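Undergrad: heads up, no residue letters with this:
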C-alpha cells in the first residue's frame, strides 16, 4: 500500500512537470509598473519615462496609456502590479495625498517587487502618510510601512526646474534596464535549480 502511494505521488509529480513544460505561464501584463501622482508627473517624468521604455521594446504600465474606458481601476492596476517584473515609484510633493499612489506602493512592496524610487522635487524626509480621518488604522500602518521601505531604498533624485531632463531620463532608463537584466539573471538561475531538482527526484 505504501509503495502504491509513493508510486502515485511520483506519477503525479511527473504529470505536473510535463504540464508546466507543455503549457508555460502566460507572459506578465507588463515589465515595469510606473507608480506616480498624476497631477505632478503624468505629463513629465512618468509620461516621458513610459515613452522611453516603450521605444526600447519594454512593456511599461502607465494608467493613462494602458487603461481604457470600462476597465476596473483596482482590477487592472492590481493585476499589472502582481504580474510586473519591476516597479518605479515616482515620489512628488502631492504623492502622499493620494490613496491610489499609496495603495499601489504598498502592493508593490507586499508582492516583494524590486522598486526603484525617484524623488522628484521632494526629499525622502518630506514624505509622510498623513491621517485625514478617512483612512483606517490598518491602512495607515500599511501605507507608512511601504513608504518607509521605499525611502530606505537607493533611488534617483531630480529637480524639474534646474535638472537636465535628457540626462535624467537616460539615467532613469538605464537604471530600469539594468535592474531588469539582474532580475532575469536571478529568475534564470532559479529555473535552472528547479529543473535540476525535479530531475533528481525522477526514478
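TA: Received, thanks. Worth saying up front: this structure is predicted, and the values here are computed from it rather than measured.

Undergrad: doesn't residue 29 lie inside a helix?
TA: No. Counting by DSSP: H, G, I helix; E, B strand; the rest coil, residue 29 is not part of a helix but coil.

Undergrad: check the gap between it and residue 69 for me.
TA: 18 Å (Cβ to Cβ, to the nearest Å). The way it works is simple: take the backbone N, C-alpha and C, and place the C-beta from them, glycine included.

Undergrad: ok, these two, which is more surrounded?
TA: Neighbour comparison, residue 29 and residue 69: the larger count goes to residue 29, with 16 against 4 (by other Cβ atoms under 10 Å).

Undergrad: tell me, please, the helix or strand in the chain that averages the lowest pLDDT.
TA: Within the chain, no helix or strand scores below helix 2-22, which has a mean of 51 by mean pLDDT, DSSP states H and E.

Undergrad: what's the very next helix or strand once past that helix packed up against?
TA: Next along the chain after helix 2-22, taking DSSP states H and E as the criterion, comes strand 32-35. Packed against strand 32-35 by the contact rule (3 or more Cβ pairs under 8 Å, 6 or more residues apart in numbering; DSSP states H and E) you find helix 47-55, strand 60-61, strand 86-91, helix 99-110.

Undergrad: highest average neighbour count across the ones you listed?
TA: Across the helices and strands packed on strand 32-35, the average number of neighbours (mean count of other Cβ atoms under 10 Å) peaks for strand 86-91, which reaches a mean of 26.

Undergrad: for the record, mean pLDDT for it?
TA: For strand 86-91, mean pLDDT is 98.

Undergrad: distance from the chain centre to stretch 172-184, please.
TA: 12 Å (Cα atoms, centre = their mean, to the nearest Å).

Undergrad: avg pLDDT for it?
TA: If you average the pLDDT over stretch 172-184, you get 96.

Undergrad: for stretch 150-165, same thing?
TA: On average, stretch 150-165 scores 96.

Undergrad: got it, and stretch 112-132?
TA: Mean predicted lDDT for stretch 112-132 stands at 95.

Undergrad: buried ones in that stretch?
TA: 113, 115-122, 124, 127, 129 (16 or more other Cβ atoms under 10 Å).

Undergrad: go on, stretch 140-159?
TA: Those would be 142-144, 146-147, 149-151, 155-156, 158, for stretch 140-159 by 16+ other Cβ under 10 Å.

Undergrad: partner residues bridging the residue nearest to the spatial centre of the chain?
TA: By Cα atoms, centre = their mean, the mean C-alpha position of the chain lies nearest to residue 87, the distance being 3.1 Å. Listed by DSSP bridges, the beta-bridge partners for residue 87 are residue 33, residue 115.
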